[in-house]
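Chemist: 3D model of this:
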Amino acid sequence: MKTKTIRLTMAQALLKFLDNQYIEFDGKENKFVKGVFGIFGHGNVTGMGEALERQSGGLTYLQGKNEQGMVHTATAYAKQKNRLEIYACTSSVGPGALNMVAAAATATVNRIPVLLLPGDIFASRQPDPVLQQVEVTSDYTISASDAFKPVSKYWDRISRPEQLMTAALNAMRVLTDPVDTGAVTLSLPQDVQAEAYDYPVDFFKKRVHYIERRTPSEQAIQHAVDLIMKKKNPIIIAGGGVHYSSAAEELTEFAETFTIPVGETQAGKSALSWKNKMNMGGVGASGSEATNILAKEADLVIAIGTRLSDFSTSSKTAFANPDVEFLSINVSAFDAMKLDAQMLVADAKTALELLTKALQTKEYQNQHKPERLEELKGKWDQIVDKYYNDVREDGLSQTRVLGEVNKFIGGRDIIVAAAGSMPGDLHRLWRSTDPKTYHMEYGFSCMGYEVAGALGIKLAEPDREVYSLVGDGSYLMMHSELVTSLQEKKKINIILLDNNGYQCIHNLQVGQGSDGFGNEFRYRSEEDNKLSGDFLQLDFAANARSMGAKGYTVHTLEQLQDALEQSKKETVSTLIDIKVLPGTCTTGFESWWRLGVAEVSTDEKVQIAHEAMEAKAKQARQY
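Modeler: Residues are numbered from 1 along each chain as shown. Below is the predicted model:
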C-alpha cells in the first residue's frame, strides 16, 4: 500500500511535528511544545520565519530581543513547569546562533529541556562564503553552529530535508528524558529549511511521551535501609529533583517521621517551608550555621535529587565526620555516584515512599534530639532576623532590603535570581513557605538570567506576581526581555540592588589578599590610570521608564515600602532601583569554598591567602 504523504518545506514539517508532541506524567497529559521564541535574520527568516507566519497549528510565536535572553526565558519556563512544557528558540546564522550558546549551557547544566534551532550556512555551499560564515580552513564542514556541541545533550545538523524525521525523534527522546535532558540543538542550514519533501503523514501523528517514575528494586531499597539503620546522625540534602519529582510532601513526611534534619540546595529550596521544624536552611558554602554544624557531625548524608556541586558540599569539606557515608537518591546514576555514595537510582517520590514504609517497619530511630534541632534552628532564625533588621545610618544594607521584600511579597509570589551576591544571601536568608516559589539558577550562575527568567516564570505562572532579584552588574549584562514582557503584557517586577559594581567578586577578591581591582563601577582616575575614581551614578529607573515600564528610585526604607506597594498595583512591568551600600551582604557560616589563589605574588597578603587555601584544601575529600 502506498504511503500517504504531504509535501512541506523542512521548516514547515518541523513545526507541524512539534505541534503534535505531548507528554504524560502521573496520568496527566500536557502539550509539550508551547511555542517558539525567535529573532529573525538571514538564515531563518525565509525558512522558519515563513513556516511560523503561515502555520495553522497551536504554536505561539514570541519575539525575543536577545538570543541568549530568549533561551533563558524558555529555560525558566520549562524549569517552572517541572520540565513538562517547553519553548523552542530559532535564530539566524553566525552571531545570532552563537548568542544562544551560553544559555544552552545554562539549560544543560541545570538539566532543563530547551530546543534550539539555530540557522546555519548553506548545505549546498554554492554561495560560500556567505555573510557571517565562519570558515575553518582545516575542516569545511564546521560552522558556528558546531559550537553548540559541547553544551548540548543532543546535536544534529539537518543537511537534507528527509533527515528531519530521525533528528526530530531523537530530539524528543532527549528532551523528555529526566536523566539525559538539557539543551537539544538542531542546526538548520538556511537552504534546507526552505527545501520541500514528501513527508509521510504518519510522521505528524500525535505522539505522547511517557515519563515513568523509576521504581527501585527491593534489593536496592533493602541496601538503603540497612545503611540508614546503622546510622545515628543522618542529615538530608534536598535538591532540585525533589521539585521535579513533586516529592515535597514525601520529603516532609520522611524527615518528620524519623527526625532527620534537612539542608536545602539552591535548586531544592522551598521544597520544605522555612517554618518546618526539620528545615535547617541552606547547606554548604552559602548555607546556614545550623545546617552546616549538623553536616559536620553527620554520619550519613541522604542526598535527594542533587548534583552535589562544590557549593553544596563546601568544596567537599562540609562533611567532617570520619565515619560519614552517603546515600544518594537520584534518577541519574551519574549524579548518584558522586562522593562515592551508595546509589539508589530511583524517582525521589517513589523512593521516599518506599523508604518511609520500610523504616517504619524496622522502627528506625536515630540520636537527633528534637530540642537540640529546635535550638539550632532558633539560633539561626535569630541571625536571619538580625540581618533582616540591619539598620545603617548611611544608607540601606542589602540584607535589610531583602528582609523588607521577603516580608512584603505573598507566600505564592515567586522570586528568581542567578548571580552575584544575591544567591548567597537568598540561600541563607530567604524564607519560603510554598514550593516552587524560589527559582534560583545556580547550576551555571549565568549573569543575565534574572530578567529573562522572570518573563519565563510569568509565562508559566500568569496569575502570580514574579520578582526578579538582580544586581546592577547582571542587569547591565542583559535586561532586553523586559521589553518582551511589555510587548506580551506579562507583568514582571524587577528588584534591582545597585551596589556600584560586581561587589560579590570584589569581596571574594579582597578576601584573598587583593586590594580590590576591576570590579567596581568607577570612573578612570587620572592619578593612577585605574578604575579608582568616583562611583558611576546610573539611573536604572529612568532606563526602565524609557522602555515603557514603571520605574522607582529608592534610597530609604520608606521609599522602598512605598515602591513595593505601588509596583504591586501596576499592570505593567516595574523596576525598583534600590541604592544599597556595597559590602553589606552575608558572610560564610561554618563553610568554605575553594579557589585558585596565586602561589606567587609580590603582595604578602596574597601569599598568606594561598597558604591558608592550600591548608584547608588538604582537609577536603579527594573524590
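
Chemist: hey, let's count contacts and neighbours off CA atoms from now on
Modeler: OK.

Chemist: what packs against the longest helix that the chain contains?
Modeler: Using DSSP state H, we find that the single longest helix of the chain is helix 370-388. Other helices and strands packing on helix 370-388, by 3 or more C-alpha pairs under 8 Å, 6 or more residues apart in numbering; DSSP states H and E, are strand 279-282, helix 289-297, helix 398-408.

Chemist: can I get those in a markdown table with mean pLDDT?
Modeler: Below are the helices and strands packed on helix 370-388 laid out as a markdown table (pLDDT from 0 to 100):
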| stretch | mean pLDDT |
| --- | --- |
| strand 279-282 | 98 |
| helix 289-297 | 98 |
| helix 398-408 | 98 |
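
Chemist: most packed of the ones you listed?
Modeler: strand 279-282 (a mean of 29; mean count of other C-alpha atoms under 10 Å).

Chemist: List the pairing partners of it within its sheet, with orientation.
Modeler: Strand 279-282 has these partner strands in its sheet, going by DSSP bridges: strand 262-264 (parallel).

Chemist: In the partner strand, which of the residues would be classed as buried?
Modeler: For strand 262-264, a neighbour-count test (16 or more other C-alpha atoms under 10 Å) marks 262-264 as buried.

Chemist: now what about that strand, what contacts it?
Modeler: 235-239, 255, 278-283, 291 (C-alpha atoms under 8 Å, 6 or more residues apart in numbering).

Chemist: domain assignment for this protein?
Modeler: With domains defined by automatic domain parsing, the chain comprises 5-211, 218-372, 389-500+536-579.

Chemist: so where's this protein uncertain?
Modeler: For the chain, applying pLDDT under 70 flags the ranges 1.

Chemist: next one: stretch 309-319 to chain centre, how far?
Modeler: 19 Å (C-alpha atoms, centre = their mean, to the nearest Å).

Chemist: Pull it out as PDB, backbone CA atoms only.
Modeler: Only the C-alpha atoms of stretch 309-319 are listed here, as PDB (Å, rounded to 0.1, in the frame of the first residue of the first chain):
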ATOM      1  CA  SER A 309      28.200  20.700  43.500                       C
ATOM      2  CA  ASP A 310      31.100  22.400  45.300                       C
ATOM      3  CA  PHE A 311      28.700  25.000  46.800                       C
ATOM      4  CA  SER A 312      26.500  22.300  48.300                       C
ATOM      5  CA  THR A 313      29.500  20.400  49.700                       C
ATOM      6  CA  SER A 314      31.700  23.400  50.700                       C
ATOM      7  CA  SER A 315      34.200  22.100  48.100                       C
ATOM      8  CA  LYS A 316      34.000  18.600  49.800                       C
ATOM      9  CA  THR A 317      34.700  19.900  53.300                       C
ATOM     10  CA  ALA A 318      31.200  20.100  54.700                       C
ATOM     11  CA  PHE A 319      31.100  16.500  56.000                       C
END
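
Chemist: For it, give me every contacting residue.
Modeler: Stretch 309-319 is contacted from outside by 265, 283-287, 292, 295-298, 591-594, 619-622, using C-alpha under 8 Å, 6+ apart.

Chemist: tell me the centre residue of the protein?
Modeler: Nearest residue to the geometric centre of the chain (C-alpha atoms, centre = their mean): residue 441, 2.4 Å.

Chemist: quick one: contacts for the spatially closest residue to that one that is not a sequence neighbour?
Modeler: Leaving out its chain neighbours, the residue that sits closest to residue 441 by C-alpha to C-alpha, 6 or more residues apart in numbering is residue 418, at 4.7 Å. With contact set as C-alpha under 8 Å, 6+ apart, residue 418 has these partners: 440-442, 445-450, 470.

Chemist: where do the strands sit along the stretch 101-250 of the chain?
Modeler: Assigned by DSSP state E, counting those that start in this stretch, the stretch 101-250 of the chain shows strands spanning 114-120, 154-157, 183-189, 196-200, 207-211, 234-238.

Chemist: hmm, who's touching the first one?
Modeler: Outside strand 114-120, the residues that touch it by C-alpha under 8 Å, 6+ apart are 43-44, 71, 74-75, 78, 86-94, 96-97, 104, 107, 143-145, 171, 175, 182-190.

Chemist: Each with direction, which strands does that strand pair with?
Modeler: strand 86-91 (parallel), strand 183-189 (parallel).

Chemist: Format those strands as CSV; extra columns: mean neighbour count.
Modeler: As requested, the strands paired with strand 114-120 are exported to CSV (neighbours: other C-alpha atoms under 10 Å):
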stretch, mean neighbour count
strand 86-91, 28
strand 183-189, 29
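
Chemist: and of those strands, who's closest to residue 458?
Modeler: Evaluated over the strands paired with strand 114-120, closeness to residue 458 peaks at strand 86-91, with 13.7 Å, by C-alpha to C-alpha.

Chemist: Which other helices and strands does the helix or strand following the closest one contact?
Modeler: Using DSSP states H and E, the next helix or strand after strand 86-91 towards the C-terminus is helix 95-98. When contacts are defined as 3+ C-alpha pairs under 8 Å, 6+ apart, helix 95-98 packs onto strand 114-120.

Chemist: How far off centre is the strand it packs on?
Modeler: Taking the mean of its C-alpha atoms, strand 114-120 sits 20 Å from the chain's own mean (C-alpha atoms, centre = their mean).

Chemist: what do you get for stretch 566-579?
Modeler: Its chain's C-alpha centre and that of stretch 566-579 lie 24 Å apart, by C-alpha atoms, centre = their mean.

Chemist: Could I get the contacting residues of residue 593?
Modeler: 285, 310-311, 314-315.

Chemist: If you rank those by neighbours, which is first?
Modeler: When those are compared by neighbour count (other C-alpha atoms under 10 Å), residue 285 ends up highest, at 26 neighbours.

Chemist: Provide a complete list of residue ranges assigned to strands in the stretch 451-600 of the chain.
Modeler: Using DSSP E, counting those that start in this stretch, the strands of the stretch 451-600 of the chain run over residues 466-471, 493-498, 550-554, 574-579.

Chemist: Can you lay out those as CSV showing distance to residue 354 and mean neighbour count?
Modeler: Output for those, formatted as CSV (distance: least, C-alpha to C-alpha, whole Å; neighbours: other C-alpha atoms under 10 Å):
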stretch, distance to residue 354, mean neighbour count
strand 466-471, 36, 27
strand 493-498, 42, 26
strand 550-554, 51, 21
strand 574-579, 46, 26
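
Chemist: okay if I get the ones you listed as JSON lines plus distance to residue 399?
Modeler: Shown next, in JSON lines, are the strands of the stretch 451-600 of the chain (distance: least, C-alpha to C-alpha, whole Å):
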{"stretch": "strand 466-471", "distance to residue 399": "12"}
{"stretch": "strand 493-498", "distance to residue 399": "11"}
{"stretch": "strand 550-554", "distance to residue 399": "15"}
{"stretch": "strand 574-579", "distance to residue 399": "12"}
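
Chemist: so which of the ones you listed gets nearest residue 223?
Modeler: strand 466-471 (43.0 Å).

Chemist: That's all I had, so thanks and see you.
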